[in-house]
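> coordinates for the following, if possible.
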Amino acid sequence: MLSVPQTSVQDDRRRVRIVMEVDAWVPVAAVTQAYRQVQRQLLPGHNRPIGSRSIELVNFVLRNPLGSWEKRLEAWNNAHPDATYSGYRHMRSSYVRARESLELPRYHLYAGPGSRQSGQSSSPG
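Residues are numbered from 1 along each chain as shown. Have a look, this model is predicted:
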């Protein structure tokens, strides 16, 4: 038997977990396929990991909360000569996008095996 209940961590809709209960005889390929199917339904659009540069940028800004974006840009470029930003606007938009992806991922509601959601999403709030 394969069941895939959708649960939220402590009723926090920003963090959704896929919990699978699988009988030992179920082939690995079937488990992988079921997981990917549910994940595609929950995560809209292009699902790819956040890059290490983006994660480091979020950490950098959180460690340096004061000051202008111009000063942050200069400090970042000095500390990361192989991963510089050309301007503070680009750096700021990259930070906002990465922070939102980390803090507020948007999930679609899971409607069961084989179903496709169309535009219904769950966002915190």
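> shaky segments in this protein?
1-16, 44-47, 104-125 (pLDDT under 70).
> can you give me the helices in it?
Applying DSSP state H to the chain gives helices spanning 28-42, 52-63, 69-79, 88-103.
> and those helices as CSV, adding distance to residue 22 and mean neighbour count?
All C-beta atoms are positioned from the backbone trio N, CA, C, and that covers glycine. Converted to CSV, the helices of the chain look like this (distance: least, Cβ to Cβ, whole Å; neighbours: other Cβ atoms under 10 Å):
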stretch, distance to residue 22, mean neighbour count
helix 28-42, 5, 14
helix 52-63, 31, 14
helix 69-79, 45, 15
helix 88-103, 29, 15
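> for those helices, which one sits closest to residue 21?
Closest approach to residue 21 among these (Cβ to Cβ): helix 28-42, 10.5 Å.
> just checking, what packs against that closest one?
If contacts are counted by 3 or more Cβ pairs under 8 Å, 6 or more residues apart in numbering; DSSP states H and E, helix 28-42 sits against strand 2-3, strand 12-18, strand 107-108.
> from residue 42, how far out is residue 57?
Noted for residue 57: a distance of 26 Å to residue 42, by Cβ to Cβ, to the nearest Å.
> tell me how far the ends of stretch 76-92 are from each other?
One end of stretch 76-92 to the other measures 12 Å (Cα to Cα, to the nearest Å).
> list of residues touching it?
53, 56, 57, 60, 68, 69, 70, 72, 73, 94 (Cβ atoms under 8 Å, 6 or more residues apart in numbering).
> tabulate the residues you listed (CSV), appending distance to residue 27.
Listed next are the contacts of stretch 76-92 as CSV, based on distance: Cβ to Cβ, whole Å:
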residue, distance to residue 27
53, 38
56, 39
57, 41
60, 44
68, 56
69, 52
70, 56
72, 50
73, 51
94, 41
